[in-house]
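Novice: here's a sequence, model it:
(one chain, ligands or ions: 1)
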Amino acid sequence: MFSSHSELETALLLCNKCKLCKDKNHGPTSFNGTSDSPLAIVGEGPGGVEDEYGVPLVGPSGQLLDKALASVGITRDKIYTSNTIKCRPLGNRTPTIEEGQFCANHWLDEELRFVQPKVIIALGSVALKYLYGPEKRITKDRGQWFTTKYDIPAIATYHPAYLLRLTGKELVKAKWEVYYDLKAAVEKCQELAPGYDFKSSVPPDLLKLYASRRIDRLGKSIRK
Ligand code: SF4
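Specialist: Take a look at the predicted model:
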């Protein structure tokens, strides 16, 4: 369909294929990181900060993700990060399975066709249900390997937004589970893509990197 990953991004940022384009957001968000990385993270959908910046996982959830990734030796510029669904639903509600499927069929599938990662991390329930099956549950199925429809191995873990809602022992337990899931993913990647360097000496400042996109998006009227 598209001849390059950047051509895909240009088309994605103009998408109005479903009713979410009229949900009072700033338009579709795309992806960030390295498109030839062996590791791809697929999250759920954009929150408020991501809607402003036009890229996934740069707000509070993204900052927590960065810390978790640092604990297993990964910086965000060395991996590919995207979302199942690209437009922020009104009121930041969780997208439905149907909305996720519709958007991901159009965009995520095409992205991953270009990226061809060796391993995918499904971050949270929406990504798990799209990549594994609608009956899957993040609390039960996280930490288990499965094969996606792209024939790429994947493992699911909790979305950082979920961790941000936890406290006390529940939070400690969930943090360790995420750590072991991410560790398993990076170990599998090292096995399938030996020698790949997952860590930059200076982690990227994603908010700075996408500041001009934010100014551009905020300068346009909200879609409704
Ligand atoms: S949610 Fe996806 S399919 Fe719907 S308008 Fe946004 S980018 Fe297009």
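Novice: which phi and psi does S82 have?
Specialist: phi -150, psi -180 (degrees, to the nearest 10).
Novice: what's the residue lying closest to it once chain neighbours are set aside in contact with, if anything?
Specialist: Ranked by Cβ to Cβ, 6 or more residues apart in numbering and with sequence neighbours excluded, the top spatial neighbour of S82 is F31, at 3.9 Å. The way it works is simple: take the backbone N, C-alpha and C, and place the C-beta from them, glycine included. Counting by Cβ atoms under 8 Å, 6 or more residues apart in numbering, F31 touches E9, V55, P56, Y80, T81, S82, N83, E111.
Novice: tell me the pLDDT at the second one?
Specialist: Spelled out, it's V55. For V55, the model assigns a pLDDT of 97.
Novice: then it would be within a strand, right?
Specialist: No - using DSSP: H, G, I helix; E, B strand; the rest coil, the secondary structure at V55 is coil, not a strand.
Novice: got the contact list for it?
Specialist: V55 touches T29, S30, F31, N32, T81, L206, Y210, R213, counting by Cβ under 8 Å, 6+ apart.
Novice: try it again with 6 Å
Specialist: By Cβ atoms under 6 Å, 6 or more residues apart in numbering, the residues touching V55 are T29, N32, Y210.
Novice: show me what the helix of greatest length in the chain packs onto, helices and strands only.
Specialist: Using DSSP state H, we find that the single longest helix of the chain is helix 168-192. When contacts are defined as 3 or more Cβ pairs under 6 Å, 6 or more residues apart in numbering; DSSP states H and E, helix 168-192 packs onto strand 119-123, strand 153-157.
Novice: in it, what's buried?
Specialist: For helix 168-192, a neighbour-count test (16 or more other Cβ atoms under 10 Å) marks A174, K175, E177, V178, D181, L182, A184, A185, V186, K188, C189, Q190 as buried.
Novice: quick one on the thing from earlier: which one of the helices and strands packed on helix 168-192 is the most hemmed in?
Specialist: Greatest average neighbour count among the helices and strands packed on helix 168-192 goes to strand 119-123 (a mean of 28), per mean count of other Cβ atoms under 10 Å.
Novice: list just the nearest of the buried residues of helix 168-192 to D66.
Specialist: Distance to D66, by Cβ to Cβ, is smallest for L182 among the buried residues of helix 168-192, at 11.6 Å.
Novice: so who does the closest one touch?
Specialist: V72.
Novice: in TSV: the helices and strands packed on helix 168-192, plus mean pLDDT and distance to the ligand.
Specialist: Output for the helices and strands packed on helix 168-192, formatted as TSV (pLDDT from 0 to 100; distance: least, Cβ to the nearest ligand atom, whole Å):
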stretch	mean pLDDT	distance to the ligand
strand 119-123	98	18
strand 153-157	98	21
